[in-house]
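> using only what follows, build the 3D model:
(one chain, ligands or ions: 1)
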Amino acid sequence: MSEALRQFEAVVGKEWVFSSDEDVDLYRDSYSPFWHEPEERVPSAAVAPDAVEQVQQIVRIAGKYKIPLWTISTGKNLGYGGSRRTPSGTVVLDLKRMNRIIEVNDKNHYALVEPGVSYFDLYRHIQERGLKVWIDPPDPGWGSLIGNALERGGGYTPMRDHFDCHCGMEVVLANGDVVRTGMGALPNARTWQQYKYGFGPAVDGIFSQSNFGVVTKMGFWLLPEPEAYFSGTVMVPKEDDIHALVEIFARLLNSGVVQGTTSVLKTVDFGPPDPQLAAVRVGASTSDLERYVAQKGLGYWTLDLPFYGPSKVIAAQWEHAKEQFSWIPGVQFRDGASYTFPLTREAIEKIPEPRSAWNPEPHHVCDRRSVQPGPYVVFADHPDDRCRGARSDQGVRAGLSRSRIADRRASWSADLVVSSREPSSSSTSFLSSTISRRTVRNREIFRRLIKAAAEHGWGEYRTHTAFMDDIAEAYSYNNHALRRLHETLKDALDPDGILAPGKNGVWPKRLRRARA
Ligand SMILES: Cc1cc2nc3c(=O)[nH]c(=O)nc-3n(C[C@H](O)[C@H](O)[C@H](O)COP(=O)(O)OP(=O)(O)OC[C@H]3O[C@@H](n4cnc5c(N)ncnc54)[C@H](O)[C@@H]3O)c2cc1C
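Coordinates of the predicted model:
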């Protein structure tokens, strides 16, 4: 390790290799579900290159000394973990310094960026130049476009599937070679950010949620600034109306009439606090709750439909959506927020939070270390589990019943998000700032939820590093054929097993016995 660190220093300069306890502590996962426990793994050092050529040299040195590297772009994957599953002796490959915005094109609507570019950076760049394109940030704007897209994160606008909206990558492989995907393989490529596939097998997917390479550039499609945004609310009165609500919504979403991310909310769980509701809830039956929401003029289920585009088109889309839902007896509609763009900074400030759909926001998460001693701090918004089910009323019900299991058994909360062809129920767990029985129990419950979901044919799409093996275990069709394929690729591309061993349940040959 000390020889490798010395060689890293020769590549990036002494000041960009971090090995003191104080520096390395900054790379610790503050939201680890194993905080202060013996299983909590912390990295040994970090190295921060500034250029692709430096990344190439670093992976070659790491290969020579069999030092595992864990790549981060801006390192803000809060709640989804850090280097926790990696073996001891891991060095964080920190790409924050590679933060160049190489191109933003507002005629063909794309950007090409390096890993250290955050949503805030790109937003500012666009605003300062008055470019007519939108980014699509996740709830918090703190992270990088590349880190979020590689983890297959999502936002709210029609560009909400961040990996799907990427176009072209530059990747450093474990042997130090540099590959450009799609049209980027043409020297002097002119359409790298416009046509994804180029020629031959498309390989971009193997670099997402993986440990097959270090991505050093990535292109993203951007949304042309729309003329307007409008949100229309649909409320239905009965619990059983969920069937019709979800079926109609699926048709609208799949036919492109509605194009953004939204949530199906059970009004009594998400409405403003109400002492009358607290009283009703004691031993409440479904019909008690239905009566309560009817008295309040609310729906049992609430669904907000987001629309982006020309005002006239939005008006027609909302009209059409209302026609479709109107055969549900007792359905109510409300016009919600409506904006035309561009908005001034003052106008944006007046929009009630959250306003992150097109405007990257800071996010408030308790710093675990500052809570001494706990009660409980938020582990993260949806750190450990996004359960991807089928988008059907059954899927929605399953998501909600998962939430109920979680709610009853420990300090969890959950909601149900619908963005594309499936709903995802997200669970939030609350962990103590000290080792506690509750933290241990929450981990057990989460593992049980993974198994229970798998038994029903649902699976998680993203998780904290601590649970990656558990989830990979559930994707077991044909004696783990997919994992065997992943590991065949891993052994071919990274025979020394230096890149993020164990990430997403993919272990290199030499460390496979480390699988939990
Ligand atoms: C309260 C809260 C709300 C959230 N809401 C959302 C949301 O709405 N939508 C959403 O998508 N996420 C959400 N998140 C998750 C989180 O904010 C994002 O995942 C964050 O954007 C990732 O930050 P980053 O880019 O710094 O990640 P990093 O830590 O830099 O990267 C994440 C992981 O990706 C891999 N990786 C990163 N860069 C590279 C690279 N260059 N090459 C190879 N592999 C790489 C590594 O495995 C790394 O550990 C939320 C989190 C919290 C706590």
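> CA atoms for contacts and neighbours, from now on please.
OK.
> what's the local residue count around the nearest residue to Leu252 once chain neighbours are set aside?
Once flanking residues are discounted, Leu252 sits nearest to Val258: 5.8 Å by C-alpha to C-alpha, 6 or more residues apart in numbering. Val258 is flanked by 24 other residues according to other C-alpha atoms under 10 Å.
> checking Val258 next. Helix, strand or coil?
coil (DSSP: H, G, I helix; E, B strand; the rest coil).
> for the stretch 251-400 of the chain, what spans make up the helices?
For the stretch 251-400 of the chain, the helices defined by DSSP state H, counting those that start in this stretch occupy 267-270, 275-281, 286-295, 311-325, 345-350, 393-409.
> now do the buried residues in the second one.
Counting neighbours by 16 or more other C-alpha atoms under 10 Å, one finds that the buried residues in helix 275-281 are Leu277.
> how about the shortest one?
Neighbour-count burial for helix 267-270 flags 267-268 (criterion: 16+ other C-alpha under 10 Å).
> using CSV, list the CA coordinates for it.
Taking C-alpha atoms only, helix 267-270 is exported to CSV below (Å, rounded to 0.1, in the frame of the first residue of the first chain):
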residue,chain,number,x,y,z
THR,A,267,-54.6,11.1,1.6
VAL,A,268,-55.0,10.2,5.2
ASP,A,269,-51.3,9.3,5.4
PHE,A,270,-49.9,12.3,3.6
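> so how far is the ligand from the spatially most central residue of the chain?
Nearest to the mean C-alpha position of the chain, counting by C-alpha atoms, centre = their mean, stands Gly153 at 3.0 Å. Separation of Gly153 from the ligand (C-alpha to the nearest ligand atom, to the nearest Å): 3 Å.
> and for Gly505?
Taking C-alpha to the nearest ligand atom, one finds Gly505 at 12 Å from the ligand.
> swap in Phe230?
Distance from Phe230 to the ligand, by C-alpha to the nearest ligand atom: 20 Å.
> what's the answer for Ile126, then?
19 Å.
> do stretch 177-195 and the ligand come into contact?
No: figure legend: stretch 177-195 not in contact with the ligand (C-alpha under 6 Å from any ligand atom); closest approach 12.5 Å.
> for the record, mean pLDDT for that stretch?
In this model, stretch 177-195 has a mean pLDDT of 97.
> from one end of it to the other, what's the distance?
23 Å (C-alpha to C-alpha, to the nearest Å).
> please apply the same query to stretch 9-17.
6 Å.
> which other residues reach it?
The contact list for stretch 9-17 (C-alpha atoms under 8 Å, 6 or more residues apart in numbering) reads 5, 8, 45-50, 54, 57-58.
> show me what counts as buried in that stretch.
9, 11-12, 16-17.
> so which of these reach the ligand?
Applying C-alpha under 6 Å from any ligand atom to these, none is adjacent to the ligand.
> how about the residues of the stretch 51-200 of the chain by the ligand?
71-79, 82, 115, 138-140, 143-144, 146-148, 150-151, 153-155.
> out of those residues, which are buried?
Applying 16+ other C-alpha under 10 Å to these flags 71-79, 82, 115, 138-140, 143-144, 146-148, 150-151, 153-155 as buried.
> the bottom helix or strand of this protein by mean pLDDT?
Using mean pLDDT, DSSP states H and E, strand 377-378 stands out as the lowest-scoring helix or strand of the chain, at a mean of 26.
> circling back: quick check, nearest of the buried residues of stretch 9-17 to Arg443?
Val17 (34.2 Å; C-alpha to C-alpha).
> phi, psi of that closest one?
With angles defined as degrees, to the nearest 10, Val17 sits at phi -120, psi 130.
> Val171 too?
Torsion angles, degrees, to the nearest 10, at Val171: phi -130, psi 130.
> just the buried positions in the top helix by length along the chain, please.
Secondary structure assigned by DSSP state H gives helix 437-455 as the longest helix of the chain. Residues of helix 437-455 classed as buried under the neighbour-count rule (16+ other C-alpha under 10 Å) are 439, 442-443, 445-446, 449-451, 453-454.
> may I have the strands that pair with the helix or strand that it is followed by, each with its orientation?
Reading on from helix 437-455 to the C-terminus, the next helix or strand found by DSSP states H and E is strand 459-460. In the sheet, strand 459-460 lines up against strand 386-388 (antiparallel) (DSSP bridges).
> show the average pLDDT along the strand it pairs with.
37.
> per-residue pLDDT, the residue of the chain most remote from its centre?
Distance from the centre of the chain peaks at Gln295, with 38.1 Å (C-alpha atoms, centre = their mean). If you check Gln295, the pLDDT there is 91.
> would you map the strands across the stretch 1-150 of the chain?
Using DSSP state E, counting those that start in this stretch, the strands of the stretch 1-150 of the chain run over 17-18, 45-47, 69-72, 91-94, 101-105, 110-113, 133-134.
> packing partners for the longest helix of the chain?
helix 393-409, strand 423-431, strand 459-460, helix 468-474 (3 or more C-alpha pairs under 8 Å, 6 or more residues apart in numbering; DSSP states H and E).
> thank you kindly, that will do.
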